[in-house]
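1. From the sequence below, what's the structure:
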Amino acid sequence: MFELDKTDLLIIIQTLANMMILLGVALLLPSLIAHYSNETIFFQTFVTTALITIIIGILAKKLIKPKKALMKHAIISIALGWFLFGAISAIPFLFLGLNPIDAFFESISGLTGTGITIIPNLEVLPSSILFWRGLIQWLGGFGIVVMALLIYEKPETAMNLFSAEGRNEDFFPNIKKIARMIVAIYFLYTFIGIILYLISGMNLFDATIHSFTSIATGGFSTKNNGIGFFGFGAAIVTIILTVLGGISFESHYSLLTGKFKKFIKNPELKFFFLIVIIATILIFINTYFSNENTYFESFFYVISSLTSTGTIFGLDLSTLPALTIFIIIILMAIGASYGSTSGGLKLWRILILYQVVKREIHRAFLPQKAVTPIMLGGKIVSEEKALKALSYISLYLAFILAGSIIFMYAGFGLIDSIFTVVSAIGNNGLLTISQKSILLMEPPLKILLTLIMIVGRMEIVPFLVLLKSTGIGSKIR
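-> From the prediction side, this is the model:
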């Protein structure tokens, strides 16, 4: 059994320090909005929280002698990081009058890019809080880890931390170069999104926040009716940005550097658009005959579901036909590309599952000693990677099953329970239950839903490693 000793704890604190400094700097941005908007209480809140966070991070860096972080330290740091940063990011929400559980729920929903809100009326919120909600989704989209990698001194630590977050980009041999490229691409698309939203008719404030949340595939909005409030043009921009967010950073690098052939041949990209076409047709046919929907809304919700954005378009999902709801559940569970800002299982794992099943069928017609490698995109997928992918799919489904059973015990219906849990673990945010149901949900269920969001964002394994390291999961062998 792995147990943390003093040295391990110091390494983990040291690893979290850089991320704390960056989070503290991020907290200063909404303070500028608060100052401009004469929101004195929130100005003081953001500045005080920022300074304390930055000072603690700097002290941790100065007082703890730098040491090499192994993979176990990186994994535990990632797991602890989501809880720690969720707690820090929740502080401004406390000054709205939210209790600690609700504030933490809202914070985690933002950071993980889930987008389920606990706030009943967004349109009366202070401007600084609206900005903070958008900013934490934007930060969570590419990961505070990526930002921290820009200032890491030790390449081994950076590599372990990068891998522990579930990233596999290899378009540069140097981790810092990968981090810089990811940040550059992210900033570029965010800026383009702001321009497009301005052209669609939004003001600069709304355009900035929606560009943040769309490219991060998060879904938070400044309006109760979501992007539907701003009309058709804004919805088109949202689709463009969320599709960009659902494509891996490696693919974006290929596209922006003129490697169009490599971009087009990406198997995940082909699979993504195939799913979009099939799902859109199925939902359109299903809703057309029930007079519930239009072609555009069908397409919008397919993109919103598959990219795990969860952006709403003014439609009550609970009114949709059962088949449409079932399709949306499948899309939320699948998710978009590996190495993107989206949640879910990721298309890469689904493709590996397909290739493994296909190989097993073909083996029945081949000689017993025949070598049959798993191929994906013209490359061989190692047995180890395939096993990890299949194991993750099994864990993912197990968490959905367990969470759904708990929600059904709490009195929720079968479809609502499955839909809510899949939406949370896939960091999606679409719901068939009402806003009132979220507000009135018992605290244990809110805590469970928050935990599911975190587990989905950190991709389960770091959470299990954290449990084992604390002794809670001592029976995990």
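
2. contacts and neighbour counts: CA atoms only from here.
-> Noted.

3. Now do the longest helix seen in the chain: which elements does it pack against?
-> If you go by DSSP state H, the chain has its longest helix at helix 6-36. Counting by 3 or more Cα pairs under 8 Å, 6 or more residues apart in numbering; DSSP states H and E, the packing neighbours recorded for helix 6-36 are helix 40-63, helix 71-94, helix 127-142, helix 144-149.

4. Which secondary structure element of the protein has the lowest mean pLDDT?
-> Sorted by mean pLDDT, DSSP states H and E, the helices and strands of the chain end with helix 155-164, the least confident at a mean of 59.

5. Work out the gap between the helix or strand harbouring residue 187 and the centre of the chain.
-> Assigned by DSSP states H and E, residue 187 falls within helix 175-200. On the basis of Cα atoms, centre = their mean, to the nearest Å, helix 175-200 sits 17 Å off its chain's mean C-alpha point.

6. What residues of the longest helix of the chain count as buried?
-> For helix 6-36, a neighbour-count test (16 or more other Cα atoms under 10 Å) marks 8, 10-24, 26-34 as buried.

7. residues near residue 74, how many?
-> Neighbours of residue 74 under the rule other Cα atoms under 10 Å: 25.

8. Correct me if wrong: it contacts residue 15.
-> Yes. If you go by Cα atoms under 8 Å, residue 74 and residue 15 touch, sitting 7.5 Å apart.

9. Show the low-confidence segments of the chain, by residue range.
-> Along the chain, segments meeting pLDDT under 70 span 1-4, 66, 144-175, 290-294, 314, 471-477.

10. rerun at 80
-> Scanning the chain for pLDDT under 80 picks out 1-8, 65-74, 142-180, 288-295, 312-316, 368-371, 377, 468-477.

11. one step back: how about the helices and strands packed on helix 6-36, which one is nearest residue 324?
-> The minimum distance between residue 324 and the helices and strands packed on helix 6-36 falls on helix 127-142, with 27.6 Å, by Cα to Cα.

12. what packs against that closest one?
-> Judged by 3+ Cα pairs under 8 Å, 6+ apart, the packing partners of helix 127-142 are helix 6-36, helix 71-94, helix 100-111, helix 175-200, helix 204-215.

13. can you pull the buried residues of whatever helix or strand residue 331 lives in?
-> Using DSSP H and E, the element containing residue 331 is helix 322-334. For helix 322-334, burial by neighbour count (16+ other Cα under 10 Å) applies to 324-334.

14. Convert the C-alpha atoms of stretch 45-53 to CSV, please.
-> Output in CSV follows, covering the C-alpha atoms of stretch 45-53 (Å, rounded to 0.1, in the frame of the first residue of the first chain):
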residue,chain,number,x,y,z
THR,A,45,-13.1,40.0,-2.0
PHE,A,46,-11.3,39.3,-5.2
VAL,A,47,-8.2,41.4,-4.3
THR,A,48,-7.9,39.8,-0.8
THR,A,49,-8.4,36.3,-2.0
ALA,A,50,-5.9,36.9,-4.8
LEU,A,51,-3.2,38.3,-2.6
ILE,A,52,-3.5,35.5,0.0
THR,A,53,-3.4,32.8,-2.7
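
15. sorry, back to before: tell me which of the helices and strands packed on helix 6-36 sits nearest to residue 198.
-> Once the helices and strands packed on helix 6-36 are compared by Cα to Cα, helix 127-142 is nearest, at 16.7 Å.

16. between the closest one and helix 204-215, what angle do the directions make?
-> On the basis of axes from the mean of the first three to the mean of the last three Cα atoms, to 10 degrees, helix 127-142 is oriented at 20 degrees to helix 204-215.

17. now helix 127-142: how far from the chain's centre is it?
-> Offset of helix 127-142 from its chain centre (Cα atoms, centre = their mean): 13 Å.

18. who's in contact with it?
-> Contact with helix 127-142 is made by 27, 30-31, 33-34, 37, 39, 42, 89, 92-93, 107, 110-113, 122, 182-183, 186, 209-210, 212-213, 215-218, 220-222, 340-342, as judged by Cα atoms under 8 Å, 6 or more residues apart in numbering.

19. of those, buried ones?
-> By neighbour count, with 16+ other Cα under 10 Å, the contacts of helix 127-142 hold 27, 30-31, 33-34, 39, 42, 89, 92-93, 107, 110-113, 122, 182-183, 186, 209-210, 212-213, 215-218, 220-222, 340-342 as buried.

20. ends of stretch 240-251, how far apart?
-> End-to-end distance for stretch 240-251: 16 Å, by Cα to Cα, to the nearest Å.

21. swap that for stretch 305-320, please
-> Length of stretch 305-320, first residue to last, Cα to Cα: 14 Å.

22. can you pull the buried residues of it?
-> So for stretch 305-320, counting by 16+ other Cα under 10 Å, buried means 305-313, 317, 320.

23. now do stretch 282-298
-> 282-287, 293, 297-298.

24. The residues you listed in helices, which ones?
-> Counting by DSSP H, these contribute 282-287, 297-298 to helices.

25. Spatially, which residue comes closest to residue 196, not counting chain neighbours?
-> Ranked by Cα to Cα, 6 or more residues apart in numbering and with sequence neighbours excluded, the top spatial neighbour of residue 196 is residue 237, at 6.5 Å.

26. got the angle between the host helix or strand of residue 444 and helix 100-111?
-> Residue 444 belongs to helix 443-457 when assigned by DSSP H and E. Inter-element angle recorded for helix 443-457 and helix 100-111: 20 degrees (by the same axes, to 10 degrees).

27. What is the subsequent helix or strand relative to helix 443-457?
-> Remark: after helix 443-457, the chain's next helix or strand is helix 461-470, criterion DSSP H and E.

28. Put the alpha carbons of that following helix into CSV.
-> Output of helix 461-470 as CSV, limited to C-alpha atoms (Å, rounded to 0.1, in the frame of the first residue of the first chain):
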residue,chain,number,x,y,z
VAL,A,461,-7.8,7.4,-12.0
PRO,A,462,-6.2,10.3,-10.1
PHE,A,463,-9.2,10.3,-7.8
LEU,A,464,-8.7,6.6,-7.1
VAL,A,465,-5.0,7.2,-6.5
LEU,A,466,-5.8,10.0,-4.1
LEU,A,467,-8.2,7.7,-2.2
LYS,A,468,-5.5,5.0,-2.0
SER,A,469,-2.8,7.5,-0.8
THR,A,470,-5.0,8.7,2.0
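
29. Quick one: list the elements packing against that helix.
-> Packed next to helix 461-470, using 3+ Cα pairs under 8 Å, 6+ apart, are helix 71-94.

30. Which of the residues in the helix it packs on are classified as buried?
-> With the criterion 16+ other Cα under 10 Å, helix 71-94 contains buried residues 71-82, 85-94.

31. Stretch 247-266 too?
-> Quick answer for stretch 247-266 (16+ other Cα under 10 Å): 247-254, 263.

32. That stretch: how far from the chain's middle?
-> How far stretch 247-266 lies from its chain's middle: 22 Å, per Cα atoms, centre = their mean.

33. what do you get for stretch 36-56?
-> The chain centroid and the centroid of stretch 36-56 are separated by 26 Å under Cα atoms, centre = their mean.
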